[in-house]
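# Quick one: sequence plus predicted model below, questions after.
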Amino acid sequence: MGLLSKQFDDGNIVLTSVEGVLNWARLCSLWQMSFGLACCAIEMMAASASHNDIMRFGVLPRPSPRQCDVMIVAGTVTLKMATRLKRLYEQMAEPRYVVSMGSCSNCGGPYWEHGYHVLKGVDRVVPVDVYIPGCPPRPEALLEGWMRLQEKVREFTLVKPEGQHA
Amino acid sequence: MPKSMNEIFDYLNSLFPEAALQFDEAVPCVIVPAALIKEVALQARDDQELLFDTLMCLSGVDNADETLGAVYHLDSMTHRHKLTLKVIVPATAPHIPSVDRVWRIAEWHEREAFDLIGVIFDGNSDLRRILLPEDWEGHPLRKDYEVPEFYNGMKVPY
Ligand code: SF4
């Protein structure tokens, strides 16, 4: 929306749509549920650290699913964990998003063939919004994925589709 | 005084003359009959000549010849010597007496060997699965293990 990057010469009224302002507020404060499961979690932590500083996107890591908008699945999802992961996802308030970070959570990664205990893709249990490739993806890739997610939130609409009745 | 594994074997042999301990030269270790492992372990821990106070590792093994086993890596902080014990049991009745009362750390190691290989450690105070979910079927590190098609409604193969 670029709302804040514009210069306001006079007046203190900004005109926008409800949707526009709500989406803008949401995409600038996507709180993250820490879901570091394996080596990818190290890169996720690096994205939070000072060099990449994912907090400038309004990302706050929260320990409770009820306070979170986005789950970053960073690492190997075992079948044992998948059960818990699904439960935690269900505890998040809607609208909720899932970022699948790294090959493991995209498709099983190095364990795709012999990992009897690994879920071959977290999209088998929860819907995924953004997939980030890499083993592990660099923090930059996570930031890129995050911006893709922001684009997605920006397009979110509250208006009911035409022809649909309450 | 540190002893070599050969010397330890001779010493153990003199203590357990009827146990038919064997020494495996290829991978230096002492093969102990399953029924005697607890006695041998206690002796190894408490004998002033041996004093194996540390169980460094306990592993389960599938020998791929219808036998399973457990391998015990022992270390003595006092004498600075090491010993490897091995127990081999038939895969159809893989029972080994637990040594968790000899070295407390054995409890978790035995649970892991039970979880992944399926060796049953009789007398272990808490022989549950330790890594896999409790409702998992089978022991995945067995050579003849078949990966299940589904686990709790989730497809397992790629
Ligand atoms: S994708 Fe690679 S780096 Fe990431 S958790 Fe899997 S193995 Fe580790």
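Structure's in. What do you need? This one's a predicted model, so the numbers in the text were calculated from it and none came from an experiment.
# Return the set of buried residues in the lowest-mean-pLDDT helix or strand in chain A.
Counting by mean pLDDT, DSSP states H and E, the weakest-scoring helix or strand in chain A turns out to be strand A:32-36, with a mean of 87. Burial within strand A:32-36, assessed by neighbour count using 16 or more other Cβ atoms under 10 Å in any protein chain shown, is assigned to A:Gln32, A:Met33, A:Phe35, A:Gly36. Just so you know, the C-beta spots here come from the backbone N, C-alpha and C atoms, and that holds for glycine as well.
# so what's the last one closest to, chain neighbours aside?
Going back to what we said before, that points to A:Gly36. Using Cβ to Cβ, 6 or more residues apart in numbering or on different chains and skipping the chain neighbours, the partner closest in space to A:Gly36 is A:Ala74 (5.0 Å).
# Stretch B:143-158 vs chain A: in contact?
Yes - interface with chain A: stretch B:143-158 contributes B:Tyr145, B:Val147, B:Pro148, B:Tyr151, B:Asn152, B:Met154, B:Lys155, B:Val156, B:Pro157, B:Tyr158 (Cβ under 8 Å from any Cβ of the partner chain).
# Buried residues in that stretch, which are they?
B:Tyr151, B:Val156.
# how long is that stretch from one end to the other?
20 Å (Cα to Cα, to the nearest Å).
# Let me know the pLDDT of the closest residue to A:Phe57 other than its chain neighbours.
Sequence neighbours aside, A:Trp146 is the residue nearest to A:Phe57 in space, at 5.9 Å (criterion: Cβ to Cβ, 6+ apart). On pLDDT, A:Trp146 comes in at 94.
# How about A:Pro95?
88.
# Now it: closest residue in space that isn't a chain neighbour?
A:Pro95's closest residue in space is A:Phe156 (Cβ to Cβ, 6+ apart), at 6.6 Å.
# ditto for A:Met33
A:Cys68 (3.9 Å).
# Return the distance of that neighbour relative to B:Asn13.
63 Å (Cβ to Cβ, to the nearest Å).
# These two: which is more packed in?
A:Cys68 (25 against 15; other Cβ atoms under 10 Å in any protein chain shown).
# Let me see the confidence value for that one.
93.
# That one contacts A:Gln32, doesn't it?
Yes - contact status for A:Cys68 versus A:Gln32: in contact at 6.5 Å, counting by Cβ atoms under 8 Å.
# Tell me the gap between stretch B:6-23 and the middle of its chain.
Computed by Cα atoms, centre = their mean, to the nearest Å, the chain-centroid distance of stretch B:6-23 equals 18 Å.
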